[in-house]
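Colleague: need a 3D model of the sequence below.
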Amino acid sequence: MARNTLSRSLHDLGLSAWFGGTLANAVALNAAAGEAGSDSATGRVANAGWDRWTPVNALAIGAHLVGSVGQLRADKERVAQQQGVAAMSTLKTLLTAAALGATAYSRVLGQRVSAAENPPSKRGTKPSRRTKALAPDIAAAQQQLDTLQWVIPALTGALVAVSSYAGEQQRPSEVAAGLAGR
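Modeller: Down below sits the predicted model:
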C-alpha cells in the first residue's frame, strides 16, 4: 500500500481547522463580542472577527478538499472492492457537500450583516431589539447565523467521525474481511 502523507495531511489539517475554527468562533468570539460594551460595539467586534476568519477558513476548506480528492484517488481500488468503503465514501461526500453549503450560505449571510455597517447585536449572532425594529431583514440574517454557527461544527465534526471510521477500515483485518465479504 502506497503512502499518501501529503493528501492525508491536507485532508486532516484542513478539516481540523474548519471544524475547530468555526466551533471556537461560535463558542468564544460571539460570546466575547457580547461583552464589548454596547450593542453597536458587539456587532462591530463579531463582524471583524468572522471577517478575519473567512480567508483562513477558505484555505482550510481548500486544503481539505484537495486532500479528500487525493485520498479518493489513492483509495479508488478499495472503494470499488472493499465492502463498506463505497458507502462510507458516499456518506463523507454528502456530509462534505452539506458542510460546504452551510458554510457558503453562512458567508453570504455574514456579508449581508457586515455590509449593513455593523448592526447592533446582543451577542455576535443575536440581533438587538433596535435591529429587529429597524432592519428586520438583517435581524433575520443574524438569527439564521445563530443557528448555522452550530450546524457547521456539527457537520464537520461528523466528518471527523466518519474519517476516523475510514481509517479503521484500512486495518489489514478490516480490508481482508471487506474483500472476503464481496
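Colleague: SS state for K122?
Modeller: Put simply, K122 is strand when judged by DSSP: H, G, I helix; E, B strand; the rest coil.
Colleague: contact partners for it?
Modeller: 34, 39, 42, 128 (Cβ atoms under 8 Å, 6 or more residues apart in numbering). (Glycine included, C-beta is placed from N, CA and C.)
Colleague: just the pLDDT for it.
Modeller: pLDDT for K122: 79.
Colleague: and it, how far from A176?
Modeller: 57 Å (Cβ to Cβ, to the nearest Å).
Colleague: packing partners for the longest helix along the chain?
Modeller: Looking across the chain with DSSP state H, the single longest helix is helix 39-74. Judged by 3 or more Cβ pairs under 8 Å, 6 or more residues apart in numbering; DSSP states H and E, helix 39-74 is in contact with helix 5-24, helix 30-33, helix 85-115, strand 121-123, helix 129-134.
Colleague: after it comes which helix or strand?
Modeller: Reading on from helix 39-74 to the C-terminus, the next helix or strand found by DSSP states H and E is helix 76-81.
Colleague: pull that next one out as PDB, backbone CA atoms only.
Modeller: Presented in PDB, the C-alpha positions along helix 76-81 are these (Å, rounded to 0.1, in the frame of the first residue of the first chain):
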ATOM      1  CA  LYS A  76     -10.200   4.000  -5.600                       C
ATOM      2  CA  GLU A  77      -9.500   0.300  -5.700                       C
ATOM      3  CA  ARG A  78     -10.500  -0.100  -2.100                       C
ATOM      4  CA  VAL A  79     -13.700   2.000  -2.800                       C
ATOM      5  CA  ALA A  80     -14.600  -0.400  -5.600                       C
ATOM      6  CA  GLN A  81     -13.500  -3.700  -4.000                       C
END
